[in-house]
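Engineer: Predicted coordinates and the sequence they were generated for:
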Amino acid sequence: MSTSVSSVFDSIKMAPDDPILGLNEAFKEDPRKEKVNLGIGVYCTEDGKVPLLSCVEKTEKQMAEKGDPHTYLPISGIPDYDSGVQKLLFGPDSEVIKDKRAATVQTLGGTGALKEGADFLHSILDDPEVLVSTPTWGNHIAIFEHAGFKVGTYPYYDKATGKIEFDKMIDCLQSLEPKTVILMHACCHNPTGVDPTQEQWDEIVQVCIEKDLIPFLDIAYQGFGKDLDSDAYAIRQFADSGIRFIVASSFSKNFSLYGERVGALTVVCKDEDEAKRVLSQIKSLVRANYSNPPTHGAKIVATVLNDPELTEQWHKDLDEMRDRVKLMRKLLVESLKKQGSKKDFSFIENQNGMFSFSQLTPEQIERLRKDYGVYVVKSSRICVASLNKNNVDYTAKAICEVQE
Ligand code: LMR
C-alpha cells in the first residue's frame, strides 16, 4: 500500500550512473553479438571469459572437500592472509615485517581498503586534504569526498607527450602543506597506464619525506606491470625510507577474484607499538562499518600464498595473464596501423597494466558504442585486457572508422 504523506524521500534525485560500472550494465544489455567491452578493468581470456585461475580452482576443491563451518572472522581478517599481504607488498625479508611495524586488515576489495584508510586518516587529521593525480580512477575522488576530505589534484599525465609531467608533479608536491595526503598508483596507473620510473619514484619518496606528506599508495594491479616484485618497487622504497605511509591492495585482478572482494589496508608505522595502536583504531572503524570481513576469497588467497606449489602455480597463471595483455597491446597497434589509422597509437605498447589512455574524443567514443558496440570509458580509457584475437581487428577497424 502506498502512502500520500509527504516525506524527505520525495525530493531525492536520481544519481548518475557510475562511469565504469554503469557502462558495464549498458554493455550487458546490448544485444549485438559483435560488441566489445573495453570499459571495466576485468581481464578476459582468449575466449572472452573471466578466468578461474587453476590455483584458485584447486584450492576451492580442497576447501569444499574439507567443508569448514561458516564462522565469523576476526575484525582484521584471516591472520595468514594479512601476513601474506605484507610479504607480497614489502618482500618476505623486509625490515618492516621483522620489526612488526605494519598494521594490516583484510578489507572489502581495494575500494574497501581505500575507504577504511580514508576514514582512519580523517579521524586523525585536523583539516583532511588529499591530492589525486590528474587524471585518476574516478572512484578515488568519490571515496575521499564521502570520507569528508577536501580533494585536490596534482599534475600527472601530459596529453601532448603521453608521458608524466614529472617536474610539474614534483613542483606541486613541494608546494604542499605538511600532512597533506598524496594518493598515488604504485604501478599500472589507472587510467593512463603510465608509471613513474624507479628514479622518479626515488625522488617522490624524498619529497614526501622533506615536506612531511602522507603517501597513500593504491596497488590494485600488482603483477600486471613487470612482475610482482618490480611492481612493488615504490612501496618498498617508501618502506625502506622509514616514512609512515598507507597502502590499499587488492587481489581482484591478480587472482581473478573480482566478486569476492579481497583487499587489504596496510599502515606502515614508526614501530611495533604504534602499529598496534593504529591497528586497534582501524579495527574500531571496521567494527562500526561492516563488523568483520567475508571468508571465502581471503581463505583462497591465504591458502595459495602459504603453499609453495600453489604459489608457483599462481605465478604461472599471473605471468600468462600479463603476457597476453602485452600481446594484445601489440596486436591492437599493428591492426590499427594495418587498417590505416590516421592517428599513431604506438604509445599503447609502452603503457603498463590493463589500461590504455586512448585519447579518443568524446564524439568518437559515442560513435564506437552506438555504431559498433565497442564500449570505452568517457575518459578515453580502454581495457586492453578484454581484447582477444577474435575481436582485436574488429575493434581496430571501428576505431579507424570513427576517425573519419
Ligand atoms: C576499473 O577501474 O574498471 C575497476 O577497478 C573496476 C571498478 O570498480 O571501477
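Structural biologist: Now that the structure is in, tell me what you want to look at.
Engineer: any low-confidence regions in the protein?
Structural biologist: Scanning the chain for pLDDT under 70 picks out 1-2.
Engineer: In it, where's the longest helix?
Structural biologist: helix 308-338 (DSSP state H).
Engineer: Gly67 versus the one residue in the stretch 151-300 of the chain that gets nearest to the ligand, what's the distance?
Structural biologist: When you check the stretch 151-300 of the chain against the ligand by Cβ to the nearest ligand atom, the closest residue turns out to be Asn190, at 5.4 Å. Backbone N, C-alpha and C define where each C-beta goes, glycine included. Plainly put, Asn190 is 38 Å away from Gly67 if you go by Cβ to Cβ, to the nearest Å.
Engineer: The helix or strand hosting Val247: what's the following helix or strand?
Structural biologist: Assigned by DSSP states H and E, Val247 belongs to strand 245-250. Downstream of strand 245-250, the first helix or strand assigned by DSSP H and E is strand 262-268.
Engineer: what angle do the helix or strand just after that next one and strand 262-268 make?
Structural biologist: Following strand 262-268 in sequence order, the next helix or strand is helix 272-289 (DSSP H and E). Computed by axes from the mean of the first three to the mean of the last three Cα atoms, to 10 degrees, the angle separating helix 272-289 from strand 262-268 equals 140 degrees.
Engineer: So stretch 120-135, near the ligand or not?
Structural biologist: No: residues of stretch 120-135 contacting the ligand under Cβ under 6 Å from any ligand atom: none, with a closest distance of 11.8 Å.
Engineer: Straight-line length of that stretch, end to end?
Structural biologist: This stretch, stretch 120-135, spans 24 Å end to end (Cα to Cα, to the nearest Å).
Engineer: Can you list the buried residues in it?
Structural biologist: The neighbour-count check on stretch 120-135 (16 or more other Cβ atoms under 10 Å) flags Phe120, Leu121, His122, Leu125, Pro128, Glu129, Val130, Leu131, Val132, Ser133, Thr134, Pro135 as buried.
Engineer: Show me those that map onto helices.
Structural biologist: Mapping the buried residues of stretch 120-135 onto helices (DSSP H) picks out Phe120, Leu121, His122.
Engineer: May I have the strands that pair with the very next helix or strand once past the longest helix of the chain, each with its orientation?
Structural biologist: Beyond helix 308-338 on the C-terminal side, the first helix or strand identified by DSSP H and E is strand 355-357. Within its sheet, and counting by DSSP bridges, strand 355-357 is paired with strand 381-383 (antiparallel).
Engineer: Other residues contacting the partner strand?
Structural biologist: Around strand 381-383, the neighbours that count as contacts under Cβ atoms under 8 Å, 6 or more residues apart in numbering are 37-42, 190-192, 354-358, 360, 376.
Engineer: Let me know the closest of the residues you listed to the ligand.
Structural biologist: Using Cβ to the nearest ligand atom, Gly41 comes nearest to the ligand of the contacts of strand 381-383, at 3.1 Å.
Engineer: mind checking the SS state of that closest one?
Structural biologist: Of the three states, Gly41 takes coil under DSSP: H, G, I helix; E, B strand; the rest coil.
Engineer: Would you map the strands across the stretch 101-250 of the chain?
Structural biologist: 102-108, 129-134, 150-155, 157-158, 163-164, 181-185, 214-219, 245-250 (DSSP state E, counting those that start in this stretch).
Engineer: how far away is the residue of the stretch 301-404 of the chain at minimum distance from the ligand from Cys44?
Structural biologist: With Cβ to the nearest ligand atom, the shortest gap between the stretch 301-404 of the chain and the ligand falls at Cys383, namely 6.8 Å. Distance from Cys383 to Cys44, counting by Cβ to Cβ: 9 Å.
Engineer: So for those two, which residue has more residues nearby?
Structural biologist: The residue with more neighbours, out of Cys383 and Cys44, is Cys383; 27 against 19, by other Cβ atoms under 10 Å.
Engineer: partners of the more buried one in the sheet?
Structural biologist: With DSSP bridges applied, Cys383 shows beta-bridge pairing to Phe355.
Engineer: Please renumber the chain so that the first residue is 29 from this point on.
Structural biologist: All right, first residue 29 from here; so that's Cys411.
Engineer: Could you measure from it over to Gly287?
Structural biologist: Distance of Cys411 to Gly287, given as Cβ to Cβ: 17 Å.
Engineer: Please apply the same query to Ile393.
Structural biologist: Distance, Ile393 to Gly287, by Cβ to Cβ: 27 Å.
Engineer: Write out the residues of the protein neighbouring the ligand.
Structural biologist: Ile48, Ile68, Gly69, Trp165, Asn167, Asn218.
Engineer: swap the cut-off to 5 Å and go again
Structural biologist: Those residues of the chain that sit near the ligand, judged by Cβ under 5 Å from any ligand atom, are Ile48, Ile68, Gly69.
Engineer: Phi and psi next, for the second one.
Structural biologist: Per-residue torsions, Ile68: phi -70, psi 150 (degrees, to the nearest 10).
Engineer: and what of the first one?
Structural biologist: When read as degrees, to the nearest 10, the backbone of Ile48 gives phi -100, psi -50.
Engineer: Enumerate every residue touching it.
Structural biologist: By Cβ under 8 Å, 6+ apart, Ile48 lies in contact with Gly67, Ile68, Gly69, Gly166, Asn167, Val405.
Engineer: Look up how far Leu66 lies from it.
Structural biologist: Distance of Ile48 to Leu66, given as Cβ to Cβ: 11 Å.
Engineer: what touches both of the two?
Structural biologist: Jointly contacting Ile48 and Leu66 under the rule Cβ under 8 Å, 6+ apart are Val405.
Engineer: between Asn218 and Gly95, who's got more neighbours?
Structural biologist: When neighbours are counted by other Cβ under 10 Å, Asn218 and Gly95 differ, and Asn218 comes out ahead with 25 against 6.
Engineer: excluding its backbone neighbours, what's nearest the more buried one?
Structural biologist: Nearest non-adjacent residue to Asn218, counting by Cβ to Cβ, 6 or more residues apart in numbering: Trp165, 4.6 Å away.
Engineer: Could I get the full set of helices for the stretch 29-178 of the chain?
Structural biologist: Under the criterion DSSP state H, counting those that start in this stretch, the stretch 29-178 of the chain contains helices at 49-57, 82-94, 107-118, 123-126, 137-152, 166-174.
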